[in-house]
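K.L.:
Mind looking at a prediction? Sequence and model below.
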Number of protein chains: 2
Amino acid sequence: MSALTSSDFELPHWRRVAIVGVGLIGGSIALALRKRGLAQQVVGIGRRAAALEAAKAAGTLDEVTTDLATGVAGADLVVVCAPVGHIAPLVEELAPHCPHALITDAGSTKAELVARLARSLPKSARFVGGHPLAGGEKSGAHWANADLFVDRKTIVTPAPGTAPQDVRLTSDLWRSVGAQVLEMSPEVHDRLLASSSHLPHLVAAALSAATPADALALVARGWLDTTRIAAGDPALWQEIFAANRANTLAALTAFEDLLAAFRRALETKNDANLTELLAMGQRNRERKS
Amino acid sequence: MSALTSSDFELPHWRRVAIVGVGLIGGSIALALRKRGLAQQVVGIGRRAAALEAAKAAGTLDEVTTDLATGVAGADLVVVCAPVGHIAPLVEELAPHCPHALITDAGSTKAELVARLARSLPKSARFVGGHPLAGGEKSGAHWANADLFVDRKTIVTPAPGTAPQDVRLTSDLWRSVGAQVLEMSPEVHDRLLASSSHLPHLVAAALSAATPADALALVARGWLDTTRIAAGDPALWQEIFAANRANTLAALTAFEDLLAAFRRALETKNDANLTELLAMGQRNRERKS
């Protein structure tokens, strides 16, 4: 558990929180707020009534609706947990129905989204982008858990025009459910995540796809670890890549350069160089273990 | 636990088993045989007396020595668990001291080794190559466990001249400690393992090495999974790549082709193609989950 008693941030209390998209992330935010007594009421908004009712029955949500306008009416906090490509249209649609609410999201890319909303929303709208580094290849509200964000990083990405108190409130929201919060511009976020998250997904998918059927029969823990995230939803990841194309390509170029160095060392039988390249990989990996 | 009561293989009993190299694999073979009562005596042979004495004190071994000739004398089974580049010289050195023993190994590459020993050992020598798909980035006898091989695959790689009863005995050895045994030629083994194991290691190392320091601060589970095996010992892995160079380069070419397809889809904004590439990766991954 994070230090909820810490005095270095405000513990925000919400009257009515609207979660748009109740999957793993949305469901976990709902549970995290309810468990900690940080929201009087949490309403879940989605497209599938049956899934919403199941989440309500499981105690994840107080109230559910498939109607966006009804769901966000009266909310003081709206968290949009939809696939990356759907976030901006949803925020634009819901904002007029909750003109005083703080609106944030949990999308994996930020620059395109934040720039678009800075243009499309009224000046008075209070949108602040966010990205919790949690989740994984599992999806759906039945995987939701109240401690999903504990000790995980969440990045908050203010735009130049964002009110400082709204940035603070968004950061405090994530801290209140246990996350370690980092604030950075949407552009820096997207550049760093291209290397730390989007390229690894692309590489895992390419490695998995490149494995011939006869070799697939012999894979062991190494291949299984290296390709684990390739099990993620292709449609969701396509949207992430599309929204962070240039940065992903730049990160891919850096990776291709390393691969080419490995190829040269193998082709020229330069064993000392090959060992040094492997040691570079080992050093970075061991900094994180 | 594997079906030790199964009647489809002989449960071999050994008088004296010599384990050359008592790390994770060698220590686990020793424990696995002792726990199942399959060996009267297990002797560990290594370079560091203190480590050997510690393994003996921990109950992994009956007897230890740093002298190869003494250790293998009188053995009916010798298992060489040394780094890939050291196996052939060790087998050549020890074989004259146990002319009647079945000799096998646990190395990650097979073709070069098996071909060399077919030339260098006397015709009467009984060497059969083996490769348990177990282990990981952890090394050392203190990680050893008697069930390391249970339900893991082990590949046994007879040469054209290997006596069928020795192939059978080697396969039964691995089955007796719980492994699923596959028999294939050393050449097929090396081609398949290049794709299922050696390329994934190279890719994980390159991805880890390519991650800039500022992005390293933001890595989450995806990067950690994808790069996990990059923590492996660079010197050990250099020997594996050196012993399986051509196959690794061929597997690398197949991977580079997939990467290039991802790049093209990103550059040309061909989202349908990108989704299909991601789905190819997902399909292969889900066949193994």
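P.N.:
Thanks, I have the structure now. Residues are numbered from 1 along each chain as shown, chains lettered A, B, ... in the order given.
K.L.:
what ranges do the helices span in chain A?
P.N.:
Residue ranges of the helices in chain A, as given by DSSP state H, are A:24-35, A:49-57, A:68-72, A:84-94, A:111-120, A:164-176, A:186-193, A:199-209, A:213-216, A:221-226, A:234-243, A:245-267, A:271-286.
K.L.:
Out of those, indicate the one that is most buried.
P.N.:
Mean neighbour count, computed with mean count of other C-beta atoms under 10 Å in any protein chain shown, is highest for helix A:199-209 among the helices of chain A, reaching a mean of 28. Yep, even glycine has a C-beta here, placed from its N, CA and C like the rest.
K.L.:
B:L33 versus A:A246, what's the distance?
P.N.:
According to C-beta to C-beta, to the nearest Å, A:A246 and B:L33 sit 57 Å apart.
K.L.:
Mind putting the helices of chain A into CSV with distance to B:P158 and mean pLDDT?
P.N.:
Shown next, in CSV, are the helices of chain A (distance: least, C-beta to C-beta, whole Å; pLDDT from 0 to 100):
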stretch, distance to B:P158, mean pLDDT
helix A:24-35, 49, 97
helix A:49-57, 55, 95
helix A:68-72, 66, 98
helix A:84-94, 53, 97
helix A:111-120, 58, 97
helix A:164-176, 59, 97
helix A:186-193, 49, 98
helix A:199-209, 30, 98
helix A:213-216, 19, 96
helix A:221-226, 25, 96
helix A:234-243, 42, 97
helix A:245-267, 28, 98
helix A:271-286, 29, 98
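K.L.:
Tabulate these (TSV), appending distance to B:I87.
P.N.:
TSV is the format used below for the helices of chain A (distance: least, C-beta to C-beta, whole Å):
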stretch	distance to B:I87
helix A:24-35	47
helix A:49-57	56
helix A:68-72	65
helix A:84-94	50
helix A:111-120	52
helix A:164-176	53
helix A:186-193	43
helix A:199-209	28
helix A:213-216	23
helix A:221-226	20
helix A:234-243	42
helix A:245-267	21
helix A:271-286	17
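K.L.:
Same list (these) but as TSV, adding distance to chain B.
P.N.:
Shown next, in TSV, are the helices of chain A (distance: least, C-beta to the nearest C-beta, whole Å):
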stretch	distance to chain B
helix A:24-35	13
helix A:49-57	22
helix A:68-72	26
helix A:84-94	10
helix A:111-120	13
helix A:164-176	14
helix A:186-193	5
helix A:199-209	3
helix A:213-216	4
helix A:221-226	4
helix A:234-243	4
helix A:245-267	4
helix A:271-286	3
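K.L.:
How about A:R34, nearest residue that isn't a chain neighbour?
P.N.:
What sits nearest to A:R34 in space, not counting adjacent residues and going by C-beta to C-beta, 6 or more residues apart in numbering or on different chains, is A:V42, at 5.9 Å.
K.L.:
Now for that neighbour, how many residues are close by?
P.N.:
For A:V42, the neighbour count with other C-beta atoms under 10 Å in any protein chain shown is 28.
K.L.:
Over to A:K138?
P.N.:
11.
K.L.:
Could I get the pLDDT score of it?
P.N.:
Looking at A:K138, its pLDDT reads 70.
K.L.:
Thank you, goodbye.
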